[in-house]
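# Here is my input, please return the structure:
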Amino acid sequence: MDDIDKRILSELQSNARLSNQELADRVSLSPSPCLRRVRALEKRGIINGYHASVDQEACGLPITVFVLVKLEKPTQEQMRHFEQHVAQLDEVLECFLMTGNHDYLLHVVSGSLKTYEQFIRRELTRLPNIAAIESSFAFGQVKRKTKLPI
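All right, here's what the predicted structure looks like:
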């Protein structure tokens, strides 16, 4: 990846709705080579999608919870089963495999404390092999950044 690719990525991370002409102008390329570079970045998996930034609270999901999960026996099979289950849960925005005292960190959103409780009771605690679940509620978001420092 050269400097032009990095500039393309930086511009698209700031505004993914740029037209190819606008992007080409910003990175000092003509439109055709710019589009070829974008397509190559997509094909290589460096650009893996385009997303809208949506206001969580405006969508009725004001509760943000970070959930630490410890498995009783974190075998390959049990981990795969847990990860497949979590992948199906809309409330889970992110799931990280962790080192340390817990196996997973989940980023969960919810409409209320009651719906979060239902999520825990209906989804997480029903999974076999769960040793511990610890929830930490966010009071607010201090910083949100989706742009990588390329």
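# make it CA atoms for all contacts and neighbour counts henceforth
Noted.
# Could you pull out the strands in this protein for me?
Remark: strands assigned in the chain by DSSP state E are 63-71, 92-97, 104-110, 130-137.
# what about R121, distance to A87?
17 Å (CA to CA, to the nearest Å).
# Leaving out chain neighbours, which residue sits closest to the spatially most central residue of the chain?
By CA atoms, centre = their mean, the chain has its centre lying nearest to E94, at 4.8 Å. Sequence neighbours aside, H107 is the residue nearest to E94 in space, at 5.0 Å (criterion: CA to CA, 6 or more residues apart in numbering).
# Pipe the strands of the chain into a markdown table and attach mean pLDDT and distance to A24 per row.
What follows is the strands of the chain, written out as a markdown table (pLDDT from 0 to 100; distance: least, CA to CA, whole Å):
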| stretch | mean pLDDT | distance to A24 |
| --- | --- | --- |
| strand 63-71 | 98 | 38 |
| strand 92-97 | 98 | 33 |
| strand 104-110 | 98 | 36 |
| strand 130-137 | 97 | 43 |
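# ok, Q21 touching S32?
No - in this structure, Q21 is not within contact of S32 by CA atoms under 8 Å, at 9.0 Å.
# what sits against the residue sitting furthest away from the middle of the chain?
Relative to the centre of the chain, the most outlying C-alpha is that of S30, 32.9 Å out, by CA atoms, centre = their mean. S30 is in contact with Q21, A24, counting by CA atoms under 8 Å, 6 or more residues apart in numbering.
# Please report how far it lies from S110.
Distance from S30 to S110, by CA to CA: 45 Å.
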